[in-house]
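K.L.:
Make a model of this:
(chains A and B)
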2 protein chains.
Amino acid sequence: MSDTTAFCDAAARLLGPKGFTTDPELVDPWLTDWRGRYTGRAIGLASPASTAETAELVRLCAKHGVPIVPQGGNSGMSGGATPDESGDAVLISLRRMDKITSLDPEAMQVTCEAGVILQNLHEAAEKHRLRFPLTLGGKGSATIGGLISTNAGGTQVLRHGTMRAQVLGIEAVLADGSVLDTLTPLKKDNRGFDLKQLLIGSEGILGIVTGATLRLLPEISGRTVIWAGLASIRQARELLVHCERVAGEALEGFEVLPNHCLAAVLDHLPDARAPLAQPHAWNALIELVSTKPSGEDLASLAETMLEGALDLGLLEDAVIAANETQAEAFWLLRDSISPAERAIGPAMQHDISVPVKRMADFVTAAIPEVEKRFPETRALAFGHLGDGNVHFHVLAPAGVTPGRWEDSEGKQISSFVHDLVTEWGGSISAEHGIGQMKRDELGRLGDPAALAVLRSVKQALDPRGLLNPGKLLPLAQSGTNP
Amino acid sequence: MSDTTAFCDAAARLLGPKGFTTDPELVDPWLTDWRGRYTGRAIGLASPASTAETAELVRLCAKHGVPIVPQGGNSGMSGGATPDESGDAVLISLRRMDKITSLDPEAMQVTCEAGVILQNLHEAAEKHRLRFPLTLGGKGSATIGGLISTNAGGTQVLRHGTMRAQVLGIEAVLADGSVLDTLTPLKKDNRGFDLKQLLIGSEGILGIVTGATLRLLPEISGRTVIWAGLASIRQARELLVHCERVAGEALEGFEVLPNHCLAAVLDHLPDARAPLAQPHAWNALIELVSTKPSGEDLASLAETMLEGALDLGLLEDAVIAANETQAEAFWLLRDSISPAERAIGPAMQHDISVPVKRMADFVTAAIPEVEKRFPETRALAFGHLGDGNVHFHVLAPAGVTPGRWEDSEGKQISSFVHDLVTEWGGSISAEHGIGQMKRDELGRLGDPAALAVLRSVKQALDPRGLLNPGKLLPLAQSGTNP
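P.N.:
Residues are numbered from 1 along each chain as shown, chains lettered A, B, ... in the order given. Just a heads-up that it's a prediction; the model follows:
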């Protein structure tokens, strides 16, 4: 009996028929990431039902030397949950662990298993007139464990931070099968550095997140959504600073998109219409919210804010959504940029950040630089200006062969963009993580001192390199020590 | 020439006369912690003027095998910045590195060296109509580096979090003398797990914090301070939940103190008077703030909140400070608990947390348990109820010998309290850290899986154990590997 067979038999005994399968029909759908960029192979698909089963499985993997690829909703953007092509690894799905263990409305905390889907968490909170202040496009499939492992962002980061800011406690299985349990919802705990931070954003290379305690916030009692037309992204930056000053804590979102993105969305959505009468070079989508049950006069706050902006010459035109339907319609325009763009043709997408203050200058400088260096491409940026994070996309010249273009000119474009970002003191991954997509670029461009710490900690916590090999760390290949 | 002499000569050459001394008159004041609990010895006092000098000094220490004790304002509560009695270590003061490198009012960020004193940071922010949202009693001496290394708390944690929540970037010198620089103020950066988190709260055992980028917030445009009289700490907890619901983001502080503490303070401060006509078993000090330049009607919010609380039977009496002078007077009562208590006699002080929801029950149960087990002591709790963190103090029986009592019955009391806290799922250090004071208790009561991770990471980043030996980690003694 080969060792692989022995491992599979033992895993099947441990987890039962619901918990372990090698059936290609059941395994194959999870071997390709949702964008279809990466496809790997695996010994089998393990779906433990509990933390204890996960821990036993990890001990079994350690015994047999089987690498582990943890997976949540398989909605990641960087191939971090897709196994490599060796077929050596076992895929561990956390999706069966989908229980909300407890929700304490008074403490405004929820404890849940790693496989809980974000949308379900939102709904559970809403039942208690609370909200979980992080959302993103993949909320119908993204799991809490995956969101933690990738330190996910979204459109509410400006006000509420990334996933890191929501996590109060973590339960994780470590490489040796021990369970690190910091689920106890202590608001303050200074017994050494904060261990849970090691698991947040580490993409499964230091442990498998099996549960979490998360903060909740009071539900919003009202929101006001504004669409503003702007002359430039520099003006957008000035408008943002003005809005932060006037609206303070009420400012929940500030997204920007160029006219080109809006036009593409309007082409893509037949029923959509432009919020403003005239096109503007740039658009800002601004959201104000109130959490006070009495409500605040958000409409008058919005008017004060916009009048001040007009007086200061910080916008060309603006409209306040008349009702919730119109507010939703404004957000739909923002949320449809990616599908609209995909309908146009291939594009290289870069999830980048630079210091907030430099973002407008970066975008203004980088777009013509990229378009000059790669003729007939079209560069555009949209997204979370307030976080210094834009999605910097470069659309392929007309007529290229999809698939082939990405691997040739597309790769050169990405290197060029990453070089630019690094020169500007920025990050090649603002919110999507490194995964396998940007691993080599991190090795090429990362700070050697930072990489050395990442590798030391990885070596300390997973000396055999069995946890999600080939992800994140440039030298942490499958089967070799980092 | 002994190796110590060789090290001292080399350090003096590197740092110059301002940067290195072995003169007892200059060194001795820093060898005892400010509470006078711990006294150690040191080879000398190094005061580098820059990160580069710090890095060179660390390399020199590595070369000579000299342990390093980093120190900021020497205002820590757990002896974490005091060397041991061996005299092997060099004390590295960061106090000369006291520059505010840059303050960006638009980005609401400040970058500064580790030796900047908290009070000075407050004042720098105020000049730009901004504020740094963390404060504590030692603000006149505590440094940014020390506050980061201990993940300091204070009275604004309820609303703004501990030091961890304020830190956007860190610069630190690691054990090999390399410099980890994450000062670049990127709001979003997902290139692996967040390295700066390793330095926050690690008490100098993983690296020496030399600089930081911190968030600032808009200045407050107004505040309303309330003093409420309550029948019990359980009622205080219910009142807190009510206030969070009604005031939402405007609720900035919620401190509690029993009548005994208030009476001691009134005895101690001859000019102070009780805010309410009658004594109440418990008192709550509540602060609402507004950051909107237009101001909010905080007074009417406070009235709505208190009327609702009265209707629900959540308080016995309450008064809203009529003006800023009265507001300051209310806070002075809270801030004078410790000096008032010290004037009474010896006490064992425990900085503990339990889950927020259980705090009222814990205090109600623990006080009689301690007083029964240790006759003639008096137990009391006060502080940050909203954070699940109270300072649980046990006052000595009358007539004991100060100094001797702490080392005998006092130690037994602390073990008893720590056992209780652990049974209740709490932490033996909520905000003051472990240092040398609680190191052995952490070893006795800490979760073995958590301790194993702490030790592995320490071993990975400081394999020779030269960084702040004997602090935090139960087995990381000077000169031996953990």
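
K.L.:
Any idea how many residues pack against the closest residue to chain B within the stretch 151-300 of chain A?
P.N.:
Nearest to chain B in the stretch 151-300 of chain A, going by C-beta to the nearest C-beta, is residue A:197, at a distance of 3.5 Å. Backbone N, C-alpha and C define where each C-beta goes, glycine included. A count of neighbours around residue A:197, defined by other C-beta atoms under 10 Å in any protein chain shown, yields 22.

K.L.:
quick one: pLDDT of the residue positioned nearest the centre of chain A?
P.N.:
Geometric centre of chain A, nearest residue: residue A:152, 3.4 Å, by C-alpha atoms, centre = their mean. Per-residue confidence (pLDDT) for residue A:152: 96.

K.L.:
Name the SS class of it, please.
P.N.:
coil (DSSP: H, G, I helix; E, B strand; the rest coil).

K.L.:
check contacts around it.
P.N.:
A:134, A:136, A:142, A:146, A:162, A:163, A:431 (C-beta atoms under 8 Å, 6 or more residues apart in numbering or on different chains).

K.L.:
what subset of the residues you listed is also close to chain B?
P.N.:
A:162, A:431 (C-beta under 8 Å from any C-beta of the partner chain).

K.L.:
Let's have the contacts of residue A:152 in CSV, adding secondary structure, neighbour count and distance to residue A:308.
P.N.:
As requested, the contacts of residue A:152 are exported to CSV (DSSP: H, G, I helix; E, B strand; the rest coil; neighbours: other C-beta atoms under 10 Å in any protein chain shown; distance: C-beta to C-beta, whole Å):
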residue, secondary structure, neighbour count, distance to residue A:308
A:134, coil, 24, 30
A:136, coil, 18, 31
A:142, coil, 25, 38
A:146, helix, 31, 41
A:162, coil, 27, 30
A:163, helix, 25, 34
A:431, coil, 27, 31
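
K.L.:
What are the structural domain limits within chain A?
P.N.:
Under the assignment automatic domain parsing, the domains of chain A span A:3-93, A:100-218, A:222-337, A:345-423.

K.L.:
follow-up on the earlier one: wait, doesn't the residue of the stretch 151-300 of chain A closest to chain B sit right on residue B:201?
P.N.:
No. Using C-beta atoms under 8 Å, residue A:197 is not in contact with residue B:201; the gap is 9.4 Å.

K.L.:
Which residues of the stretch 201-350 of chain A lie near chain B?
P.N.:
Counting by C-beta under 8 Å from any C-beta, the stretch 201-350 of chain A sits next to chain B at A:201-203, A:206, A:218, A:241, A:244-250, A:291-294, A:296, A:301, A:304.

K.L.:
Stretch A:435-451 spans what distance, first to last residue?
P.N.:
Stretch A:435-451 has an end-to-end distance of 15 Å (criterion: C-alpha to C-alpha, to the nearest Å).

K.L.:
Packing partners of the longest helix along chain A?
P.N.:
In chain A, with assignment by DSSP state H, the single longest helix is helix A:3-19. Helices and strands touching helix A:3-19, as assessed by 3 or more C-beta pairs under 8 Å, 6 or more residues apart in numbering or on different chains; DSSP states H and E, comprise strand A:20-21, strand A:45-46, helix A:51-64.

K.L.:
So for the host helix or strand of residue A:171, mean pLDDT?
P.N.:
Using DSSP states H and E, residue A:171 maps to strand A:167-173. Rounded to a whole number, the mean pLDDT of strand A:167-173 is 97.

K.L.:
what lines up beside the helix or strand following it in the sheet?
P.N.:
Downstream of strand A:167-173, the next assigned helix or strand under DSSP H and E is strand A:179-181. Next to strand A:179-181 in the sheet, as set by DSSP bridges, lie strand A:167-173 (antiparallel).

K.L.:
Report the separation between the nearest residue to residue A:73 once chain neighbours are set aside and chain B.
P.N.:
Spatially, and ignoring its direct neighbours in sequence, residue A:73 is nearest to residue A:141 (3.8 Å; C-beta to C-beta, 6 or more residues apart in numbering or on different chains). According to C-beta to the nearest C-beta, to the nearest Å, residue A:141 stands 19 Å off from chain B.

K.L.:
Helices along the stretch 51-200 of chain A, start to end?
P.N.:
A:51-64, A:118-126, A:144-149, A:157-160, A:163-166, A:196-199 (DSSP state H, counting those that start in this stretch).

K.L.:
between the ones you listed, which gets nearest to residue A:174?
P.N.:
helix A:51-64 (7.8 Å; C-beta to C-beta).

K.L.:
what distance separates the closest one from the centre of its chain?
P.N.:
28 Å (C-alpha atoms, centre = their mean, to the nearest Å).

K.L.:
and residue A:359, what is it in contact with?
P.N.:
A:233, A:237, A:385, A:388, A:390.

K.L.:
so where is chain A shaky, pLDDT-wise?
P.N.:
A:1, A:292-296, A:475-482 (pLDDT under 70).

K.L.:
neighbours around the residue nearest to residue A:73, how many?
P.N.:
Residue A:141, neighbours per other C-beta under 10 Å, totals 16.

K.L.:
just checking, it touches residue A:117?
P.N.:
Yes. Using C-beta under 8 Å, residue A:141 makes contact with residue A:117 at a distance of 6.5 Å.

K.L.:
Give me the common contacts of these two.
P.N.:
Shared contacts of residue A:141 and residue A:117, counting by C-beta under 8 Å, 6+ apart, come down to residue A:73.
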